[in-house]
Each structure stands twice: as C-alpha cells, then as structure tokens.
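Chemist: Pasting the sequence and the predicted coordinates here, then a few questions.
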Amino acid sequence: MGVTLRVWNRADFIVAVDVGHSLKEGGALSARGVPEFLFNRDLAEAVISELNLQGFRNLFLIGVLGDALTLKERAQLALAKRANLLVSLHHDSVQPKYLSTWIYEQRQLSYCDRFHGYSIFYSERNGSPKASLEFAHLLGEELRNSGCIPSLHHAENIKGERRQLLDGELGTYRFDDLVVLKSSAMPAVLLEAGIIVNRAEEVRLADPQTQKLMAASIARAVVWFSLND
C-alpha cells in the first residue's frame with residue numbers, strides 16, 4: 001500500500017486551540033504567583049497567529065475569555081465546530097514533595113527549580129488515537145528541532161506520576177484518562193509547555209519570543225499533520 005495523503009487545503013483544515021483552565025480556576029500557580037491560565041492564553045494567541053502565517057484560516061480558541069468550561073464541554077465545542085485537530089495548551093507544576101517556598105514581592109510562594117521542560121500527552125481512549133499519537137510525535141520533533149527540551153518527570157515512579165513515557169527525546173507520553181483527550185472525537189494532544197514553578201523557566205515562558213518560538217513549532221507540526229497519514 002502506498003502513502004495516503006490527506007491533501008487538505010490549509011484554509012479548510014479546522015484547528016481548535018484549547019486554553020487550559022479558566023479565570024476562576026487558574027490552574028498551577030507560577031513561582032511568582034501568576035495563574036497558569038494567563039500563560040496558556042498568551043501561548044494560545046501566539047499559536048493562532050503562527051497558524052495564520054502558515055495559511056490556516058479555520059481556527060478557533062476554546063476558553064480564551066476564561067469561561068469556566070468543563071473538560072467535556074471543551075471537547076464538545078471542538079466537535080461542534082468540526083475540528084480536524086484539537087491542541088490543549090497548559091503549563092506545568094510538580095508534585096508537592098518537590099516544592100520549596102520563597103518570598104517574592106512580600107508573598108510566600110512555592111517553587112521548584114529541579115525540573116524543567118515540556119511534555120506532550122495523548123490518549124488511547126481518544127476517538128482517533130493513532131492520529132493523535134502521530135501528531136504528538138510530530139510536535140515533539142518540531143519542539144526539539146527548535147531547541148526546546150522535554151521533561152521526563154511525569155514518568156517518575158512516585159504517586160501522582162508514573163505516566164507511560166513513549167519517547168524521552170521527544171517528550172511524548174501516553175495518558176489515557178486525560179478527560180479533554182479521551183472525550184474528543186478528533187485527534188487531540190495536550191501540551192504542557194513548561195514548568196512555571198521553576199523560577200528561571202517561568203521567566204523564559206513569559207517571554208513573547210519564547211512563546212513565538214513554541215507557537216511556530218506547533219504550527220509546523222500542524223502543517224505536517226495536515227499532509228501526512
């Protein structure tokens with residue numbers, strides 16, 4: 001059998017970009033007290049911009065206004081708009097045992113400088129697991145080619161982790177019970193763009209140049225995914 005091409009016109013390929021968490025439930029708190037949601041939103045907007053530059057026109061953000069959407073509702077919105085791909089954007093923390101405290105601007109906050117890097121998750125319970133895994137690997141390759149480094153801490157044999165690491169060089173994991181992924185009918189991945197309780201990485205991830213670099217990597221992965229089967 002030969003290789004089958006999707007032969008998508010980029011203007012017709014529909015991409016849903018999910019902004020993880022909400023204004024009310026902000027997700028992880030960074031080392032300097034910034035809610036994860038704000039990091040997710042900034043990266044999502046950069047991704048939309050880079051996808052536009054690549055010629056994609058059917059794009060939409062889920063949760064960008066900070067609405068308190070459930071994970072299943074996010075997947076349902078992507079399905080309702082007939083998305084061909086769902087990318088859920090997040091920023092990471094670590095297990096409580098690794099957190100220390102420091103004082104920043106007269107606030108006591110938690111941090112951990114031990115771990116850094118991105119992680120990519122897919123679910124075998126997703127509606128299109130093979131295609132989801134394909135995109136996860138494409139994304140890992142593009143991030144690695146941009147100089148980004150994966151984190152392997154989710155594979156550690158401790159409570160709250162023990163995720164199945166698929167490729168340590170690409171930072172890809174299998175995590176079947178991630179609700180937004182297993183509830184999605186279309187190919188879907190969840191990207192933890194970096195660890196915001198790491199004080200140095202937090203600064204880097206808040207930099208628009210870093211956001212642009214990561215967003216461009218995501219956009220290139222979407223380009224390849226829209227062509228190859």
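Modeler: In hand now; what should we look at?

Chemist: Next, the residue positioned nearest the centre of the chain: phi, psi?
Modeler: For the chain, the residue nearest the mean C-alpha position is L191 (1.9 Å; Cα atoms, centre = their mean). L191 adopts backbone torsions of phi -110, psi 120, taken as degrees, to the nearest 10.

Chemist: any idea how far the residue nearest to A200 when sequence neighbours are not counted is from W102?
Modeler: Distances taken as Cβ to Cβ, 6 or more residues apart in numbering place D113 nearest to A200, at 6.8 Å, with adjacent residues excluded. C-beta here means a position set from N, CA and C on the backbone, and glycine is covered the same way. Distance, D113 to W102, using Cβ to Cβ, to the nearest Å: 10 Å.

Chemist: The two: which has the busier surroundings?
Modeler: Each of D113 and W102 has its neighbours counted (other Cβ atoms under 10 Å); D113 has more, 15 against 12.

Chemist: Go ahead and confirm that one touches I196.
Modeler: No - judged on Cβ atoms under 8 Å, D113 makes no contact with I196 at a distance of 11.8 Å.

Chemist: Next, show the common contact partners of those two.
Modeler: Shared contacts of D113 and I196 (Cβ atoms under 8 Å, 6 or more residues apart in numbering): none.

Chemist: ok, residues contacting the one helix or strand E50 maps to?
Modeler: E50 is part of helix 36-53, with elements assigned from DSSP states H and E. Outside helix 36-53, the residues that touch it by Cβ under 8 Å, 6+ apart are 15, 17-23, 25-30, 59, 61, 64, 66, 87, 89-91, 93, 193, 196, 205-206, 208, 211-212, 214-216, 218-219, 222.

Chemist: Which of the residues you listed fall within helices?
Modeler: Here DSSP state H is the test, and the contacts of helix 36-53 give L205, A206, P208, Q211, K212, M214, A215, A216, I218, A219, V222 as lying in helices.

Chemist: Right, I'll call it a day here.
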